[in-house]
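Visitor: Predicted model, plus sequence, below.
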Amino acid sequence: MTHTQSNLSPAITPHAAARYWRATRARDPRADGTFFLAVRSTHIYCRPSCPARRPLRRNVTFFRTREEAERQGYRACLRCRPNEISGPVALVQRAADLLAQSTEENLSLLQLTQTLGATQSTLRRAFLQVTGLKPRELAEALRLQRLKTLMRTGKSITDALYETGYGSSSRVYERSNSQLGMTPATYRKGGLGMKLGYTIAKSPLGKILVAATKRGVSAVYLGDDESQLVSELREEYPRAEVAPASNGFERWVREVLSRVEGRPPHFELPLDLQATAFQRRVWKELQRIPLGRTRTYSQVARSLGKPKAVRAVARACASNPVSIVVPCHRVIREDGALAGYRWGLSRKEQLLASERSSY
Ligand SMILES: [Zn+2]
């Protein structure tokens, strides 16, 4: 089969495909819009977060854009509707358009919701999910003339935020950082504007990669092959500046290593993560599981007050980028089986064993 290459995105590397597959299995909503998965056996393509049953890996191929999937003859899934703008995104886009057009300095949230026909809490949730900002913070951002101009040229709100660098504006950043211990999610998708330094150390579980910004730890990976760990880091934060750490966070690395050995925390490690509001809640909850103990996915869901969200909890555990620090290894299946672990079941087993023995 021949087709023009000129409109295609760069080829998807095996590492990118591995990351896409992890996001697919985790139904990670942060991945929506960054790629599409297509199923060869059904000729259907989906968003990563599609609720449908996961196909076999060998039947899946990935595309960066839906146009590429459609050019190859795939049809849009009727469940996740990857060819339509999703509900929250559409709502935020309409709200942002209103804000951008408004000459009023203080278009109130009430006026906005009345015009949009949405409740305030729906609008707030959609804003946090899509932009990582509260409606008021976005309104402030929109006062920056450049952002308004970009949006009028038809850029999406997230693109416009990237391009104006608003995502790294220290005020919004610091505020959310101090409130949540983590930074807002989607507008830093891909780690744009992040400067990540990494160190690789030896641990009882093999090689351990710790990556951090000056604000906190962003990744803790376990493996055997250093270059593999570094490329996974680059795949997880494709838009970040990634380099070996030159200074500064030895204390954090020592703390991570001490926890790998099953020792109790000496201090609270600061985190700098991309996360949805739900992932953030789950990860905080995991940090409350005491050393030497385990919880099941449904126990975690119940303690979040969302007893039905067991699968969503499991997905949030699977997408945890800071193993050890957010102890997703302490979550097991209802029947006591260890369930999965991104870094291998034997590492999970070993971690739990050393935690039990020091507990
Ligand atoms: Zn789908």
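Guide: Everything's here; your move.

Visitor: Tally up the residues packed near the residue of the stretch 51-200 of the chain found nearest the ion, please.
Guide: Distance from the ion to each residue of the stretch 51-200 of the chain (Cβ to the ion) is smallest for Cys77, at 2.9 Å. From N, CA and C alone the C-beta is placed, and that goes for glycine too. Per other Cβ atoms under 10 Å, the neighbour tally for Cys77 reads 21.

Visitor: Alongside the ion, which residues does the stretch 201-350 of the chain contribute?
Guide: By Cβ under 5 Å from the ion, no part of the stretch 201-350 of the chain sits against the ion.

Visitor: And stretch 332-350, what's buried?
Guide: Using 16 or more other Cβ atoms under 10 Å as the test for burial, stretch 332-350 gives 332, 339, 341-343, 347-348, 350.

Visitor: now, which of these sits nearest Ala31?
Guide: Ala31 lies nearest to Arg342 out of the buried residues of stretch 332-350, by Cβ to Cβ, at 15.0 Å.

Visitor: about what we covered before: out of the buried residues of stretch 332-350, which are inside helices?
Guide: Judged by DSSP state H, the buried residues of stretch 332-350 include 347-348, 350 as members of helices.

Visitor: Kindly reformat those as CSV and extend each row with pLDDT.
Guide: Shown next, in CSV, are these (pLDDT from 0 to 100):
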residue, pLDDT
Arg347, 93
Lys348, 92
Gln350, 92
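
Visitor: Include distance to Ser231 when you put those residues into CSV, please.
Guide: Formatted as CSV, those follow (distance: Cβ to Cβ, whole Å):
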residue, distance to Ser231
Arg347, 19
Lys348, 23
Gln350, 24
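
Visitor: Which of the residues you listed sits closest to the ion?
Guide: Nearest to the ion, judged by Cβ to the ion, of those is Lys348 at 30.0 Å.

Visitor: any idea how far that closest one is from Ser354?
Guide: Distance, Lys348 to Ser354, by Cβ to Cβ, to the nearest Å: 11 Å.

Visitor: Gln93 too?
Guide: 49 Å.

Visitor: where does the stretch 51-200 of the chain come near the ion, residue by residue?
Guide: Proximity of the stretch 51-200 of the chain to the ion, by Cβ under 5 Å from the ion, involves residues 52, 77, 79-80.

Visitor: Can you tell me which of these are buried?
Guide: 77, 80.

Visitor: Give me the subset of the residues of the stretch 51-200 of the chain next to the ion that lies in strands.
Guide: The members of those all map outside strands under DSSP state E.

Visitor: Now render the residues of the stretch 51-200 of the chain next to the ion as JSON lines, adding distance to Leu229 and pLDDT.
Guide: Shown next, in JSON lines, are these (distance: Cβ to Cβ, whole Å; pLDDT from 0 to 100):
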{"residue": "Ala52", "distance to Leu229": "32", "pLDDT": "87"}
{"residue": "Cys77", "distance to Leu229": "34", "pLDDT": "90"}
{"residue": "Arg79", "distance to Leu229": "35", "pLDDT": "83"}
{"residue": "Cys80", "distance to Leu229": "32", "pLDDT": "80"}
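
Visitor: which of the residues of the stretch 51-200 of the chain next to the ion lies closest to Pro29?
Guide: In terms of Cβ to Cβ, no member of those lies closer to Pro29 than Cys80, at 10.7 Å.

Visitor: Report the spatially nearest residue to that closest one, omitting neighbours in sequence.
Guide: Spatial nearest neighbour of Cys80, chain neighbours left out: Cys50 (3.6 Å); criterion: Cβ to Cβ, 6 or more residues apart in numbering.

Visitor: Need phi/psi at that neighbour.
Guide: The phi/psi pair for Cys50 (degrees, to the nearest 10) reads phi -50, psi 130.

Visitor: mind checking how far it is from Ala31?
Guide: Distance from Cys50 to Ala31, by Cβ to Cβ: 11 Å.

Visitor: and what of Glu70?
Guide: For Glu70, the distance to Ala31 - Cβ to Cβ - is 19 Å.

Visitor: Looking at those two, which one has more neighbours?
Guide: Legend: neighbour count by other Cβ under 10 Å for Glu70 and Ala31, higher for Ala31 (21 against 17).

Visitor: Per-residue pLDDT of the more buried one, please?
Guide: Ala31 is assigned 76 on the pLDDT scale.

Visitor: name the helices or strands packed onto the helix or strand encompassing Arg251?
Guide: Following DSSP states H and E, one finds Arg251 within helix 250-260. The contact analysis (3 or more Cβ pairs under 8 Å, 6 or more residues apart in numbering; DSSP states H and E) places helix 250-260 against strand 195-203, strand 206-212, strand 217-223.

Visitor: Just the angle for the last one relative to strand 195-203, thanks.
Guide: Put simply, strand 217-223 runs at 40 degrees to strand 195-203, going by axes from the mean of the first three to the mean of the last three Cα atoms, to 10 degrees.

Visitor: now strand 217-223, how far from the chain's geometric center?
Guide: 14 Å (Cα atoms, centre = their mean, to the nearest Å).

Visitor: Give me the residues contacting it.
Guide: The contact list for strand 217-223 (Cβ atoms under 8 Å, 6 or more residues apart in numbering) reads 191, 194, 196, 198, 203, 205-212, 229, 232-233, 236-237, 249, 252, 256, 269-273, 321-325, 343-344, 347.

Visitor: Kind regards, and thank you for your time.
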